[in-house]
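> any chance you could fold what I've pasted below:
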Amino acid sequence: MTVEINEIYLSSVIGRSVINSKGDQIGILRDLIMIPGEVFPEVSHIVIKSRKGVKTLPWNEVSLFTHVVISTGSIKPLRLIAYLPEEGDILVKRDLLDKQIVDVDGAKVVRVNDIKLGKLDQKLCIFSVDIGFRGLLRRLGYERFGERFARILKRDIPHSEISWEYVQPLEANSSKLALNIARNQMNEMHPADLADIIENIPIQNIRTVLNFIDSETTGDTIYELEADMRNVVISQLNDEQVTDILEEMEPDEAADVLSDLPEDKAQELLEMMDQEDAEDIQELLEHEEDSAGGLMTPDYFRLSSQITVGQAMERLKECANEVETIFYGYIVDSDDRLEGIVSLKQLLMNPPETHITDVMEENIKFVHVDAEPEDILETMAKYDLIAVPVLDSDERMAGIVTVDDVLAHYLPQIIKIKRR
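Okay, the predicted model is just below:
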């Protein structure tokens, strides 16, 4: 593939004269119409403001594109046609300049101050976006003045540009221009980063972000949001989408999300969910939120006392995707009574033929479903536990509370104290 690149910024050409091959001015460059391209988004037409109204000219009629003028070859009258805006049109100045985008590489929301264009295989493409102060100065015509002033101060005005590969537009139409790499990286972002992005964009753009991530990632992201923002995000989805997301979440996290919704709405969603998932979540909702029962997850690495270490490892491989924490295996009988605990380290260090009862810890440390967070944290700290089993009023295994669940409970209080 032959590649010819001549880079130029949008701010250098918008508003400049458009002339024909005879040197006659036919109008002012008003905008560029974009379409998805094979490599980068491509310009299909230029939009010209003329005395006879707004016109469009196909890009293949443009012979020169510089910061002074745009010259065209011999223009046939039928090629310069009146511009009739259509709903799906994407205009680079109107739909991208000054708009918020997601920098999927830096995992943050930024504003587009300028756009770098370039020629690729005779097509004008978007190469990158300028998100820095230099881009603002350039648009105002003060870039050179800014550089001189910066030199006096012995400073530099940094170039802050993002390759279009890592840009995810947020406007409904312009999001069609996102490249596959951007869409894929949106799905690979950490839920906490996605939550920060959602909290910093207009409500009408939230749906665009959610459209590019799967149900599991959406669930993890929603869980990272504050309660009020969770409800805003959920309001952008229909009930079927919400139930799909809830079914992908860990039961304790799904319960937390539902507990922030109006009770009738939460029950309506539970009734739409898979029965087994709904029952696990319903059981958690019946406990006080600030108790072991409210913080626990009913999914844990369950083992029988009749197996060997090797069989336990096979079981671990089978259920690794189904349980939240696998640092410990919990040996329970047919009545869900806890008989012992074995750590993953013990399973790895002992021969496969070793019986599980020979390596399990029988001096079990646990809490009851009504235990308060302070009691759970004290137990974990005292016995150096990453997770602690939770027993119900009949001394049966109800679930486990992990250290991250306890820390998540205390985090808002820690932040308040720090702010003081």
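> make it CA atoms for all contacts and neighbour counts henceforth
Will do.
> and the residue most central in space within the chain, what pLDDT?
With distances taken as C-alpha atoms, centre = their mean, the residue of the chain nearest its centroid is L194 (3.2 Å). The model reports L194 with a pLDDT of 92.
> tell me the SS of the closest residue to it other than its chain neighbours?
Distances taken as C-alpha to C-alpha, 6 or more residues apart in numbering put T221 closest to L194, at 6.2 Å, once the chain neighbours are dropped. Using DSSP: H, G, I helix; E, B strand; the rest coil, the structure places T221 in helix.
> so who does T221 touch?
If a contact means C-alpha atoms under 8 Å, 6 or more residues apart in numbering, then T221 has 191-192, 194-195 as its contacts.
> then D404?
For D404, no contacting residues are found, by C-alpha under 8 Å, 6+ apart.
> from memory L32 sits against E42, does it?
No - the pair L32 / E42 is not scored as a contact, 9.5 Å apart, by C-alpha atoms under 8 Å.
> still on that earlier bit, among the contacts of T221, who's most crowded?
Counting neighbours by other C-alpha atoms under 10 Å, L194 leads the contacts of T221 with 29 neighbours.
> and that residue, what helix or strand is that in?
L194 belongs to helix 191-199 when elements are defined using DSSP states H and E.
> same deal with H45?
strand 42-50.
> tell me which residues in that strand are buried?
For strand 42-50, a neighbour-count test (16 or more other C-alpha atoms under 10 Å) marks 42-50 as buried.
> just the CA trace of the following helix or strand past that strand, in CSV.
Reading on from strand 42-50 to the C-terminus, the next helix or strand found by DSSP H and E is strand 53-58. C-alpha atoms of strand 53-58 as CSV (Å, rounded to 0.1, in the frame of the first residue of the first chain):
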residue,chain,number,x,y,z
GLY,A,53,-26.4,28.7,0.1
VAL,A,54,-24.6,25.7,1.7
LYS,A,55,-23.1,23.3,-0.9
THR,A,56,-21.2,20.1,-0.9
LEU,A,57,-18.4,18.9,-3.1
PRO,A,58,-17.1,15.3,-3.2
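> what is strand 53-58 packed up against?
Contacts defined by 3 or more C-alpha pairs under 8 Å, 6 or more residues apart in numbering; DSSP states H and E place strand 53-58 against strand 42-50, strand 81-82.
> how far away is the residue nearest to L194 from E199?
11 Å (C-alpha to C-alpha, to the nearest Å).
> and what of I33?
From I33 to E199 the distance is 30 Å (C-alpha to C-alpha).
> so these two - more neighbours on which side?
Taking other C-alpha under 10 Å, I33 and E199 do not tie; I33 has more neighbours (21 against 17).
> which helix or strand contains the more buried one?
Using DSSP H and E, I33 falls in strand 25-35.
> quick one: contacts for I198?
Contacts of I198 by C-alpha under 8 Å, 6+ apart are 206, 209.
> against I222, how distant is it?
9 Å.
> I'd say I341 and F366 touch.
No - counting by C-alpha under 8 Å, I341 does not reach F366; the two are 10.7 Å apart.
> what about this structure, any weak spots by pLDDT?
The chain contains residues with pLDDT under 70 at 1-5, 67-69, 71-79, 142, 149, 411-420.
> could you list the domains of it?
What automatic domain parsing lists as the domains of the chain is 8-91, 189-286, 295-410.
> could you dump these to a markdown table with distance to P158?
Below are the domains of the chain laid out as a markdown table (distance: least, C-alpha to C-alpha, whole Å):
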| stretch | distance to P158 |
| --- | --- |
| domain 8-91 | 16 |
| domain 189-286 | 24 |
| domain 295-410 | 38 |
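> of the ones you listed, which approaches V104 most closely?
domain 189-286 (7.7 Å; C-alpha to C-alpha).
> what about that closest one, how long is it end to end?
Note: domain 189-286 ends 33 Å apart using C-alpha to C-alpha.
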